[in-house]
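Visitor: Requesting a structural model of the entry that follows:
(4 chains)
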Amino acid sequence: MSFPLLTATAALPALGAIATAAVPAAQRVAAKWLALLVSLGTLVLAAVTLVRFDPDGDRYQLTESHAWIKEFGVRYELGVDGIAVALIALTALLIPFVILAGWHDADPHETGSRRWRPTQGFFALILAVEAMVIISFEATDVFLFYIFFEAMLIPMYFLIGGFGDKAHEHGDEVAATQRTYAAVKFLLYNLVGGLIMLAAVIGLYVVAGNFSLQEIVEARANGSLHMATNTERWLFLGFFFAFAVKAPLWPLHTWLPNAMGEATAPVAVLITAVVDKVGTFAMLRFCLQLFPEASKWATPVILVLALISIIYGALLAVGQRDIKRLVAYASISHFGFIILGIFAMTSQGQSGATLYMVNHGISTAALMLVAGFLISRRGSRLIADYGGVQKVAPVLAGTFLIGGLATLSLPGLAPFVSEFLVLVGTFTRYPAVGIIATLGIVLAALYTLVLYQRTMTGPVKAEVAEMPDLRVRELLVVAPLIALLIFLGVYPKPVTDIVNPAVQQTMSDVHQKDPKPEVEAAK
Amino acid sequence: MNPVNYLYLAALLFTIGATGVLIRRNAIVVFMCIELMLNACNLAFVAFSRMHGNLDGQIIAFFTMVVAAAEVVVGLAIIVSLFRSRHSASVDDASLMKL
Amino acid sequence: MSAQLAAYSTSTGEAFQFWVLGTVAVVGALCTVFMKKAVHSALCLAGTMIVLAVFYLANGAYFLGIVQIVVYTGAIMMLFLFVVMLVGVTAADSLKETIKGQRWLALVCGLGFGILLIAGIGNASIKDFNGLAKANANGNVEGLAALIFTKYVFAFEITGALLITAAVGAMVLTHRERTERAKTQRELSEQRVREGKHVPPLPAPGVYARHNAVDIAGLLPDGTPSELTVSKTLRERGQIRDVSTEALSDLKALEQRAEERLERTNSGEGSK
Amino acid sequence: MENLIALLIAAPLLGAVVLLCGGRRLDAVGHWIGTALAATSFVIGIVLFADMLGKNAEHRAISQYLFSWIPVGSFQADVSFQLDQLSMTFVLLITGVGSLIHLYSVGYMEHDERRRRFFGYLNLFLAAMLLLVLADNYLLLYVGWEGVGLASYLLIGFWQHKPSAATAAKKAFLVNRVGDMGLSIAIMVMFTTFGTFAFGPVFDSVGKTGEGKLTAIGLLLLLAACGKSAQVPLQSWLGDAMEGPTPVSALIHAATMVTAGVYLIVRSGAIFNAAPDAQLVVTVVGAVTLLFGAIVGCAKDDIKKALAGSTMSQIGYMVLAAGLGPIGYVFAIMHLVTHGFFKAGLFLGAGSVMHGMNDEVDMRKYGGLRTYMPVTFVTFGLGYLAIIGFPGLSGFFSKDKIIEAAFAKGGTEGWILGGAALLGAAITAFYMTRVMIMTFFGEKRWQPDTEGHEPHPHESPRSMTIPMIVLAFGSVFAGGLFSIGDSFVHWLEPVTGHSEGNSPVSALTVTLATMVLLVVGAGIAYAQYGRRPVPVVAPRGSLLTRAARRDLLQDDFNHVVLVRGGEHLTRSLVYVDHTLVDGVVNGTAASMGGLSGRLRKLQNGYARSYAVSMFGGAAILIAATLLMRAV
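Guide: Take a look at the predicted model:
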C-alpha cells in the first residue's frame, strides 16, 4: 500500500490543531510558530498532492478506501479529481496567510491567568477548520463528507463568536453581543441546511443502499440503479439547500454579512475564501454527479437565483457603510457568478466556476486582509471614518487598490479569467442570463471604486494622519497573494489544465455538451 | 377462577402505586409507592410464568427484587442525606430543575 | 393443594383465597397511598407484600414467595421503618396539594391508565394456560438455579456487582466527612465562656416528682415550658410533650375535688 | 523581427513594475528610467517600421505567438500579437508622442514629490495601449482596453488629495466599464457565433452568418468605442478627466487612449462592412458627438475643458469617418494621427501656460501671454491653425477628406452627415479662435491666487518646450506628408481597404465651403472676443451657453437618473435585506422563542409534575398500541 497522502494532508493540520491547543499558556508565541509551521507543512503536502496528480489520468486519484461503519456501508473513502486538488491547494495556500495575518488578533488583553489561552485556541481552531475543509474536498463517501461538512461549523462558531476586532465603534459590550448574534446566526443557518441535507443523505442511502459516490454514479450510469424522477428531485433539493446556504445563494445569504462583519479579518477570509468554497464545490461534485436529471430540472430557478445574487449582492455592497460588510456582499455577488457557472452546464462555465473559486479565494483574501490591517490601525470598520489614507500609507493603499481591482475583475488579474469564462459559458447557452450577469461587472467597479475613493483618497483625516504603512509581516502576507493574482491572471493554464478534464467528466455525467458555434470559423 | 385475574390485580396495584407517586410529597412514601409498583410487576411476571409454563418470568421477578433492594438502599441513603441538609423529606422542595 | 391442580385450573379454594386476599391487598395499597403518617403507610405496604407472597406461593413460585417474605417484608420494609424513624415518625404529611391541578391530573391519568391497562389485558388473547408442573418437576428452587447459573449467569453476576456498588454507594452518600477537627470539651467550654451564654450546664428535662421522661420540657417558675431542657433532635422533630397545662389542670381538678368536698360542707352550712 | 513585438510592450511594462515597486530609492532617477524605456519602445517601433517598409505591401503583417492564455474546451484564448500597417501606425504614434510627453513631464512634474509614481503609471499606460493595438484577438485587446482604463483612472486621480480628481477618476472608470460591457458581450456573441474571437478567423467567416448577428456585434463594439472615445451618450467623463495632470490630458485624453474606439471600429471593419445598419448608427453617433463636443467647447472658460470638448468633437469626426466604411477608414486613421500631433501639442501648450500661471485654468484670467511665452505661443498657434484646418497644415488635409467622404456616402444621409461635418468645422474655428484670443491676445487679466501670489508668467524649461516644438512640426507637416501621392492611403489600404465614393459635390467645392465657414467662424470669434475686452467674470449668457457650460445638461441627467436613482435603489435594497429577507429569518426565530417561552412554563421544576406527564405519556402509548391493534 502506498503512502496515504490524502489522509496525511488532512491529518497534519488536525494533529497540529491538537498540539497547538496543548501549548502552555505562557508559550503564546511558540503556539503561533507551531501553527504556522504546521500550515506550511500542510502546504508542502498539498503541493506534493498537486504534483502527484495526473490531470490526464483516472478521474479519482490517490484514492484510499477502508471500511468504517460496516452495518451502513459507510466507508472512509478518499480521492481527488482536478477540481478538488485545485481547491485543496487553495486552502493549504491561504491558511498560512490567514495565520500570519491574524498573528496578533488573539493576543489576550491581560496575561496574568495561567489557564487563559485564547491565542492557542485561535490558531488551533484555524488549523481544525483547515483539516476539516481539506477532508471535505477529499471525501468521496457521501456520509464521510457530510460529517466533516457539518463538523467544521463547530470551530467556525467559536472563531466567529470568540474573537473580534480589538476596537469597535460601539464599545466592547455591544461588540460581544453582535458577535454572539453573528455566530449563532451562522450556526443556525448552516445547521438547518445541514439537517435537511442529512435527511437527503439518509434518503440517498435508502434508495442506493450505500454511500459511495463512485459506486452510485456508476450504478446510475449503467442503469442498475433507477431513481424515480420525484425521488431524485427531492434528494437533489435536500443536498442543494445545504450547499446554497453555505455558498451562500440569495435569499439564504444574510448570515454572511453578519459573520464576516463581526469576525476578525483573517476569520472572515476563512469563512468566505475557504469554508464557503465547500458549498460550491459540493454542488459540482455531489449535486451534479448524483442527480444529473434533477440538476437540469432545477437549472432555470437556480440560474435566476444566482442572477439575483449577483445583482443584489453588488447593489447592497454599494449601499454598505461598513468595510467588511461591503466585502461580504461583494462575495455574495461573486458566489452568484460561481453558481451561475456551475449550472450553465458548459465546460467554460464550469471550468470558469472552479477557477473562480480559486481566484475569489485569493482576491478576497488579499482585499479582506488589507482591509483588516487598515481597520486594526484606526479601530473602526466604518468607511466614513477614513479618508486620505493613500497619502500617509501609500503601500497599504496600493495593495488595497490591487485587491479591489481583482474584485472588480480587471483583466490581467486572475479573477478576470474566471469571470469571463463564466460569462461566456453562460452566454453560449443562456444569452439573456449572460447579458444581465454582465451588469455585475459594472456594479463591481462601482462598489470597489467608491470604497477606494472614500477610504484612500481625498484630504487626510486627522485620525488617520499618524497611520503607519504596512509592516514587514503584513507585506509578507499581501505580496505573495498579489503576485499570485497577477500570475494566474497572465498564465492560468496550469490551473485550467488540471481542472478541464474533471469538468469534462462532470459534463458527461450530466449528459451535456457545449453548444456548437453557429458557424465553423475558418482557422 | 381464571388466573388472568392475577394480572388484573397486578394492573390495579400498579396504577394505585403510580397514582401514589404522583400525589404524595413525602419522599419515603413516594418510595414505598414505587416499591408497590415493582411488586405489582413481580406479581404479573409470576402469573405469566405460570401461564407460559417456564421459569423465566420468575427469574425476572427475582432480578427485580434484587435490583429493588439495591435501589432501596441507595434511594433511602439519598433521602437521609437530603433530610440532613434540608430538614425535609418533601420532594417538592427539590425543585432546582426549574429554570 | 397439589401442583397438578394449580397448573391447569384454579381450585375453588384458590378462588376464595384470591378474592379475600386480593381485597386485602388492594385495601393495603390504597392505605399505603392515603395514610397520613409514613409509619402507617409502611405497615400497610408490608401487609400488601405479605399478601403478594401468598399469591406467589399460590402461583407455584415457592422460592419467590419465601424470598418476598424474608427479603422484602423482612429486610426492605424494616429498612423503610428505620429511615422513617430517623426522619421522624410523627412528622405527618399534610395531604393538601401544593402544585396547581396536580392531584386532578394524577387521578385522571391514573384512572385512564388503569382502565387502559385493564382493557388491554382483557383484550389480550390469553387462551392456553400451561401451568408450571413440568418446569417445577425437579423442584422450583432447582429449576430457578439451573436457569440462573446457565442462561442468566451474566445477569446474575452483574446483579451481584450492582448490589456491592449500591452498598458502597449508600455508605458514601450517608457518610459525612468531617471537614474540621472535632472540638474538645475544653474548647467548647472556653467558647461558651467567651460568648457569655449558658455558662452553667443546660437545665435538665422533666418535672420532678411527676414526669422524668427526656421529651418533657422542664417548667420555668411561671409554669411555662423551657425548650432548653430537651435535646435538640427532639426539638427539631417537634416531639416535645408539654406538661405545663397538665400540672395546671391537675391542680384544677384537685381544687375541684377539694371544693366538692368543701361544697358539701358549705352546702351543709348553707342548709343549715 | 517578430520577436521584437513583445519587446515593444515589455519595455514600458518593465518600467512600470520597476518604478511602482522600486520604492523611494528610485525617486531621484525614476523619471529618467521611465522616459528611457518609453524611448526604447519607440526605437524598437522605428526598427520594426523600417523592416516593414522594406517588404511588399502583402507581406508586411507579422505576428508573434507567445503562449496559450485561457484554454478551456473550444474556448482558446492566446497571448499572441500581430503587427500590420494599422497597428504600426498606432505603435509609432503611441510611442512617439508618448516619449515626447514623458520628456515633457520631467519638467512639468518637477515639483511633485510623487513624480516616480507618475512615470510608473505613464509607462503602465504605454504598455496597456500597445497591448491594445498589437493584440491579435478581441480578448487580448480587451485586456489592453481595460488596462488603459486603469492607467487613465490612476492618472486622472493622480492628485488624489483633491476630492474632485478622485471623483473624476472614478467616473471615468465607471463610464468606461459600461462601454466595456459592450465589448465583453460582443466577444461572447462572437464566440457563440463563430466559436472564436481572433481577428483573422472572425473576419474571414463574417459572410457565413446573418446580418442580425453582425449588427448586434457592431452595435456592441460601438458601445465599447463610445465609452473609451467619449462619444455620445458615454461622453460625460472626458471633461472631468481634465482633473488629471496636463501631460496626461495630452497623452491619454487627447492623442492616444481616447482614439482607441476609432481603432476598434476600423479594426473591425470587416464586421461593420457587412452590417450597414450598425454603420449608420456609428456615423450618427460620430456626427452628433462632433457637434456636441464643439458646442460644449465654445462655452467653456477652463482652457483644458475647452480643449476636451474639442477632442470629443474631433474624435466625432473620426468615428463619423470610420462609420462610412472603406471610403472613410483611412481618413479616420489619418485624422487620428494628425490630431494626435496637434491636440497633444495644444494640450502641452495649455500645460505650459498653466505652469507659468500658477496652475490657473480659467482663460478669463489669462490674456496677452504671447509676449511672455513666445515658444508656447508659436507652437500653440501652429496647433491652432492645424486644428481649424488652415490650408496646408495637417488638419486641413485630414479633416477635408472626412467631409468629402461624408458627402460621398450619398443620398440624404450623405448630405446630412456632410452638412454636420461642415458646420462642425465652422464651430471648431470659432471656439479655437476664442481660446487663442482669450489666452494670448488682449490685455492682461491676471489675478492673484487665493494666497495672494501674483502670477509671473514665464517660458517653460527646455524639457517642456522641446516636445512642444517637435509636436508643432508634426502638426504642420504630417498631413501634407501623408497626402503626397496618397501615401497614407496606400500604406493602410491592405489592412482596411479603400474605395473612392461618388461624391455629389466636387472636392474643390467642399474645400471652398470649408474655407468660407472657417473664415466665418473665426471672424465671429474675433468680433466677440478680439474686438471687445473679455470680462473676467463670465456673463450669464444665453440659455444655450449656460447649457453648454454644464455640458449640455448631460451630467444633470446622469445625476438625477443614475446617481439619485441608484442611491434610492441601494438604500431601499439595504432596507429590504434588513427587514424582509433577514426579517423572515429573525421573525421565525422570534416566534420560536415566544413559543418556547410559553412552553417553558410547563417546566416548573417539580419532579412530580414531570412524572405526571410521563405517566400520561405512558397512558397515551398504551392507548395507541390498543388502537393500532384494533385497527
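Visitor: can we go C-alpha only for contacts and neighbour counts from here?
Guide: Fine.
Visitor: now stretch C:143-160, how far from the chain's geometric center?
Guide: 33 Å (C-alpha atoms, centre = their mean, to the nearest Å).
Visitor: what's the average pLDDT for it?
Guide: Averaged across stretch C:143-160, the pLDDT comes to 92.
Visitor: So is it next to chain B?
Guide: Yes: residues of stretch C:143-160 contacting chain B under C-alpha under 8 Å from any C-alpha of the partner chain: C:G143, C:L144, C:L147, C:I148, C:F156, C:T159.
Visitor: Now the fifth one: which helix or strand?
Guide: It refers to C:F156. For C:F156, the element it lies in under DSSP states H and E is helix C:153-174.
Visitor: The nearest residue to D:P391 once chain neighbours are set aside is in what secondary structure piece?
Guide: Once flanking residues are discounted, D:P391 sits nearest to D:F397: 7.7 Å by C-alpha to C-alpha, 6 or more residues apart in numbering or on different chains. In the assignment (DSSP H and E), D:F397 maps to helix D:394-408.
Visitor: Would you mind identifying the next helix or strand past that helix?
Guide: helix D:411-440.
Visitor: Show me what that next one is packed against.
Guide: The contact analysis (3 or more C-alpha pairs under 8 Å, 6 or more residues apart in numbering or on different chains; DSSP states H and E) places helix D:411-440 against helix D:276-299, helix D:303-323, helix D:374-388, helix D:394-408, helix D:507-525.
Visitor: how about those helices, which one is nearest D:G261?
Guide: helix D:303-323 (8.0 Å; C-alpha to C-alpha).
Visitor: how far off helix D:394-408 does the closest one point, in degrees?
Guide: 40 degrees (axes from the mean of the first three to the mean of the last three C-alpha atoms, to 10 degrees).
Visitor: Now the element after helix D:303-323, going C-ward?
Guide: Proceeding N to C from helix D:303-323, the next assigned helix or strand is helix D:329-356, under DSSP H and E.
Visitor: rewinding a little: quick one, the helix holding D:F397 and helix D:329-356 angle?
Guide: 140 degrees.
Visitor: Please give me every residue in contact with A:G203.
Guide: The contact partners of A:G203, taken as C-alpha atoms under 8 Å, 6 or more residues apart in numbering or on different chains, are A:L235.
Visitor: tell me the secondary structure for it?
Guide: Assigned by DSSP: H, G, I helix; E, B strand; the rest coil, the conformation of A:G203 is helix.
Visitor: Which secondary structure elements does the helix holding C:F156 sit against?
Guide: Contact here means 3+ C-alpha pairs under 8 Å, 6+ apart; on that basis helix C:153-174 packs against helix B:56-86.
Visitor: name the element residue 39 belongs to?
Guide: Just so you know, I chose chain A. Assigned by DSSP H and E, A:S39 falls in helix A:28-52.
Visitor: right idea, wrong chain: chain C
Guide: Assessed by DSSP H and E, C:V39 sits inside helix C:38-58.
Visitor: Which helix or strand lies directly C-terminal to that helix?
Guide: Sequence order places helix C:62-67 as the next helix or strand after helix C:38-58, per DSSP H and E.
Visitor: elements contacting the longest strand out of those in chain A?
Guide: Criterion DSSP state E: the longest strand present in chain A is strand A:61-69. Judged by 3+ C-alpha pairs under 8 Å, 6+ apart, the packing partners of strand A:61-69 are helix A:5-22, strand A:74-80.
Visitor: quick one: the longest strand along chain D near chain A?
Guide: Taking DSSP E as the assignment, the strand of chain D that covers the most residues is strand D:62-72. Yes: using C-alpha under 8 Å from any C-alpha, we find that strand D:62-72 touches chain A at D:S68, D:W69, D:I70, D:P71, D:V72.
Visitor: Now the second one: closest residue in space that isn't a chain neighbour?
Guide: With C-alpha to C-alpha, 6+ apart as the criterion, D:W69 has its nearest non-adjacent residue at 4.7 Å, and that residue is D:D78.
Visitor: secondary structure element for that neighbour?
Guide: strand D:75-83.
Visitor: Show me what that strand is packed against.
Guide: Applying 3+ C-alpha pairs under 8 Å, 6+ apart, we find strand D:75-83 packed against helix D:4-21, strand D:62-72, helix D:115-134, helix D:138-156.
Visitor: Report the buried residues of it.
Guide: For strand D:75-83, a neighbour-count test (16 or more other C-alpha atoms under 10 Å in any protein chain shown) marks D:F75, D:A77, D:D78, D:V79, D:S80, D:F81, D:Q82, D:L83 as buried.
Visitor: ok and it relative to strand D:62-72, angle-wise?
Guide: On the basis of the same axes, to 10 degrees, strand D:75-83 is oriented at 170 degrees to strand D:62-72.
Visitor: Single out the residue in chain A that lies closest to chain D.
Guide: Relative to chain D, the nearest point of chain A is A:G458 (4.1 Å; C-alpha to the nearest C-alpha).
Visitor: scratch that, chain C
Guide: In chain C, the residue found nearest to chain D is C:F113; the distance is 5.0 Å by C-alpha to the nearest C-alpha.
Visitor: residues in contact with that residue?
Guide: C:F113 neighbours (C-alpha under 8 Å, 6+ apart): B:T15, D:F615, D:G616, D:A618, D:A619.
Visitor: Among those, which are located in helices?
Guide: Counted as lying in helices by DSSP state H, out of those, are B:T15, D:F615, D:G616, D:A618, D:A619.
Visitor: Show me which of the residues you listed are buried.
Guide: By 16+ other C-alpha under 10 Å, the ones in helices among the contacts of C:F113 give B:T15, D:F615, D:G616, D:A619 as buried.
Visitor: give me the subset of those touching chain C.
Guide: By C-alpha under 8 Å from any C-alpha, the members of those lying near chain C are B:T15, D:F615, D:G616, D:A619.
Visitor: quick one: the second one and C:C109 touch, right?
Guide: Yes: in this structure D:F615 lies within contact range of C:C109 using C-alpha atoms under 8 Å: 6.8 Å.
Visitor: Could you check how far the nearest residue in space to B:Q58 that is not next to it in sequence is from chain D?
Guide: Nearest residue to B:Q58 in three dimensions, chain neighbours excluded: B:V46, at 5.4 Å (C-alpha to C-alpha, 6+ apart). For B:V46, the distance to chain D (C-alpha to the nearest C-alpha, to the nearest Å) stands at 22 Å.
Visitor: Could you measure from B:V46 over to B:N54?
Guide: Distance of B:V46 to B:N54, given as C-alpha to C-alpha, to the nearest Å: 10 Å.
Visitor: and if you look at A:I202?
Guide: For A:I202 relative to B:N54 (C-alpha to C-alpha), the value is 43 Å.
Visitor: Among those two, which residue is more densely surrounded?
Guide: Ranked by neighbour count (other C-alpha atoms under 10 Å in any protein chain shown), A:I202 and B:N54 place B:N54 first, with 20 against 17.
Visitor: The more buried one: what's it in contact with?
Guide: Residues in contact with B:N54 (C-alpha under 8 Å, 6+ apart) are C:L132, C:A135.
Visitor: Check D:I156 too.
Guide: So D:I156 contacts D:A165, D:A166, D:A168, D:A169, D:A241, D:M242, D:E243, D:G244, D:P245, D:V248 (C-alpha under 8 Å, 6+ apart).
Visitor: could I get those residues as a markdown table with neighbour count, secondary structure and distance to A:S333?
Guide: Putting these into a markdown table (neighbours: other C-alpha atoms under 10 Å in any protein chain shown; DSSP: H, G, I helix; E, B strand; the rest coil; distance: C-alpha to C-alpha, whole Å) gives the following:
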| residue | neighbour count | secondary structure | distance to A:S333 |
| --- | --- | --- | --- |
| D:A165 | 25 | helix | 29 |
| D:A166 | 30 | helix | 25 |
| D:A168 | 22 | helix | 26 |
| D:A169 | 30 | helix | 24 |
| D:A241 | 30 | helix | 30 |
| D:M242 | 24 | helix | 33 |
| D:E243 | 24 | helix | 32 |
| D:G244 | 24 | coil | 32 |
| D:P245 | 20 | coil | 35 |
| D:V248 | 30 | helix | 34 |
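Visitor: All set, thanks.
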